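**Student:** Need the 3D shape of this:
(one chain, ligands or ions: 1)
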Amino acid sequence: MKTKEAEFYHKSSDAKIICDLCPHHCVLKEKQMSPCGSRMQIDGKLYALSYGQAIAQAIDPIEKKPLYHFLPGESTYSIGTPGCNLHCRNCQNSNLSQSDNLEMRNEIISPEQIVRQAKTNHCSSISYTYSEPTIFYEYMLETAQLAHKEGIKNIMVSNGYICKDALQKLLPYLDAVNIDMKVFSDSIYKELTGGSLKPVLSSILEIKKANIHLEITMLCIPGMTDDENLLMEFVKWMETHNMLNVPLHMSRFFPSYKLNHIPPCPESKLYELIDIARERMFFVYPGNVVANEMRNLNCYKCGELLISRTQEKTYPYINEDGSCPKCGKIIIPTYQGTQIR
Ligand code: SF4
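**Tutor:** Residues are numbered from 1 along each chain as shown. Purely as a prediction, here's the structure:
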């Protein structure tokens with residue numbers, strides 16, 4: 001079995017290992033598989049079984065991550081490995097996320113190969129996505145370091161459930177992050193995912209403090225995460241932390257995995273929630289619906305169309321420095337241009 005020694009763990013006095021990568025701080029006995037399916041204690045050390053196990057690889061539009069204010073219209077080379085540190089009842093990718101890395105390939109796909117694939121396929125970025133990249137941390141970090149040397153940007157699409165030290169070590173190599181924060185309620189978060197909300201909020205603040213491009217996703221699940229008051233509390237929290245200009249993606253729920261009994265979120269309800277968030281937040285976009293016009297970006301000062309999106313294509317008209325070509329207002333301070341014009 002080819003593996004890599006994990007980062008961020010310590011030993012207990014009774015020969016167990018405590019993983020310090022995410023806030024679960026799992027305690028693992030010899031040969032015990034971690035609940036995230038990616039780590040195991042072998043001969044007194046913790047190993048990252050997910051290293052080199054990119055079983056999902058594809059070239060995706062960056063809008064699919066979703067990122068709407070970062071390299072609009074470009075393609076991103078996307079990878080993921082089995083496993084996840086949360087166990088969301090609504091998971092749309094449970095075949096990948098709720099499996100483990102025991103069935104490992106003999107040959108790993110190296111970080112060098114991934115960077116080469118991204119270059120060969122003319123992708124200006126690599127996205128760590130599909131499952132939760134925290135659980136393939138060592139693989140992501142090495143690939144991201146190599147990618148930066150080659151002038152390729154790195155995108156983490158994450159639940160944000162990661163310890164501060166691990167996140168801090170990764171941040172210098174990240175260019176954009178989408179955090180799926182799910183719901184602004186610790187009790188519902190726990191019921192839905194098995195984790196707790198506070199570490200996710202801390203991660204959001206750390207990413208913002210590091211001035212890395214950030215977007216946030218929330219899924220509107222009828223009767224669980226579609227409460228107007230919770231949404232208002234979240235918007236107030238964003239305002240308190242000066243983040244009203246962070247793009248928010250509010251996605252329509254469809255029945256999936258263990259929530260197959262819940263009906264889809266009505267489109268009208270999704271638009272109602274988007275209207276509430278838009279009262280304070282500058283950029284709120286619908287997800288899992290067609291609604292092309294609502295996916296456009298207009299200047300909030302003069303109304304000029306800055307990025308237009310159809311189902312098939314994205315047309316950016318915004319200036320390279322993230323300003324409006326008509327009135328000059330800086331709309332996206334972290335904008336990094338695009339090759340699509
Ligand atoms: S990364 Fe996995 S093993 Fe480590 S604490 Fe989180 S769930 Fe547990």
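
**Student:** quick one: what helix or strand has the nearest residue to Glu304 once chain neighbours are set aside in it?
**Tutor:** Counting by CB to CB, 6 or more residues apart in numbering, Lys326 is the residue found nearest to Glu304 once chain neighbours are left out, at 4.1 Å. The C-beta positions use only the backbone N, C-alpha and C, and glycine is treated the same way. Lys326 is part of no helix or strand, with elements assigned from DSSP states H and E.

**Student:** tell me the phi and psi of Lys326?
**Tutor:** In terms of degrees, to the nearest 10, the main-chain angles of Lys326 are phi -90, psi -50.

**Student:** And the pLDDT for Glu107?
**Tutor:** Looking at Glu107, its pLDDT reads 71.

**Student:** quick one on the thing from earlier: in contact with the residue nearest to Glu304, which residues?
**Tutor:** 299, 302, 304 (CB atoms under 8 Å, 6 or more residues apart in numbering).

**Student:** now Ile155
**Tutor:** Per CB under 8 Å, 6+ apart, neighbours of Ile155: 62, 65, 67, 70, 76, 125-129, 174-178.

**Student:** Buried residues in the lowest-mean-pLDDT helix or strand in the chain, which are they?
**Tutor:** None of the helices or strands of the chain scores lower by mean pLDDT, DSSP states H and E than helix 94-97, at a mean of 86. By neighbour count on 16 or more other CB atoms under 10 Å, the buried set for helix 94-97 is 94, 96-97.

**Student:** any idea how far that helix is from the chain center?
**Tutor:** 16 Å (CA atoms, centre = their mean, to the nearest Å).

**Student:** tell me what it is packed against?
**Tutor:** The helices and strands touching helix 94-97, judged by 3 or more CB pairs under 8 Å, 6 or more residues apart in numbering; DSSP states H and E, number zero.

**Student:** From the contact counts, what lies against the helix or strand just after it?
**Tutor:** Note on helix 94-97: by DSSP H and E, the next helix or strand toward the C-terminus is helix 111-120. In this structure, helix 111-120 makes packing contacts with strand 75-80, strand 125-128, helix 137-149, judged by 3+ CB pairs under 8 Å, 6+ apart.

**Student:** Please identify the most buried of those.
**Tutor:** strand 125-128 (a mean of 27; mean count of other CB atoms under 10 Å).

**Student:** Tell me which other helices or strands it touches.
**Tutor:** Here strand 125-128 touches strand 75-80, helix 111-120, helix 137-149, strand 153-158, going by 3+ CB pairs under 8 Å, 6+ apart.

**Student:** what does the longest one contact?
**Tutor:** To tie it back to what came earlier, the one meant is helix 137-149. Contact with helix 137-149 is made by 4, 6-8, 21, 48, 50-54, 79, 81, 111-112, 114-115, 118, 126, 128, 133, 153-154, 156, 162, 166, 169-170, 173-174, as judged by CB under 8 Å, 6+ apart.

**Student:** rewinding a little: in JSON lines, list the helices and strands packed on strand 125-128 along with distance to Ile42 and mean pLDDT.
**Tutor:** Formatted as JSON lines, the helices and strands packed on strand 125-128 follow (distance: least, CB to CB, whole Å; pLDDT from 0 to 100):
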{"stretch": "strand 75-80", "distance to Ile42": "24", "mean pLDDT": "96"}
{"stretch": "helix 111-120", "distance to Ile42": "22", "mean pLDDT": "97"}
{"stretch": "helix 137-149", "distance to Ile42": "15", "mean pLDDT": "98"}
{"stretch": "strand 153-158", "distance to Ile42": "27", "mean pLDDT": "98"}
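
**Student:** Compare these and give me the one nearest Cys36.
**Tutor:** Ranking the helices and strands packed on strand 125-128 by proximity to Cys36 (CB to CB) places helix 137-149 first, at 10.5 Å.

**Student:** now check the closest one, is it near the ligand?
**Tutor:** No. Counting by CB under 6 Å from any ligand atom, the ligand has no neighbours in helix 137-149; the shortest distance is 7.6 Å.

**Student:** Equivalent analysis for stretch 49-67, please.
**Tutor:** No. Figure legend: stretch 49-67 not in contact with the ligand (CB under 6 Å from any ligand atom); closest approach 9.6 Å.

**Student:** tell me which residues of that stretch are tucked away?
**Tutor:** In stretch 49-67, counting by 16+ other CB under 10 Å, buried: 49-56, 61-63, 65-67.

**Student:** Against the ligand, how distant is Gly83?
**Tutor:** 8 Å (CB to the nearest ligand atom, to the nearest Å).

**Student:** what about that residue, how many neighbours?
**Tutor:** 26 (other CB atoms under 10 Å).

**Student:** And for Glu320?
**Tutor:** So Glu320, with other CB under 10 Å, has 11 neighbours.

**Student:** doesn't Ile332 make contact with it?
**Tutor:** No. Here Glu320 lies out of contact with Ile332, judged by CB atoms under 8 Å, at a distance of 10.7 Å.

**Student:** In ChimeraX, select just the buried ones from the contacts of helix 137-149.
**Tutor:** Here is the ChimeraX command that selects the buried residues among the contacts of helix 137-149 (16+ other CB under 10 Å):
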select :6,7,8,21,48,50,51,52,53,54,79,81,111,114,115,118,126,128,133,153,154,156,162,166,170,173,174
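
**Student:** Could I get the CA-only coordinates of the least confident helix or strand of the chain as PDB?
**Tutor:** Extracted in PDB, the C-alpha atoms of helix 94-97 (Å, rounded to 0.1, in the frame of the first residue of the first chain):
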ATOM      1  CA  SER A  94     -22.300  10.300  -1.500                       C
ATOM      2  CA  ASN A  95     -20.800   7.600  -3.700                       C
ATOM      3  CA  LEU A  96     -17.500   9.400  -3.500                       C
ATOM      4  CA  SER A  97     -17.700  11.300  -0.200                       C
END
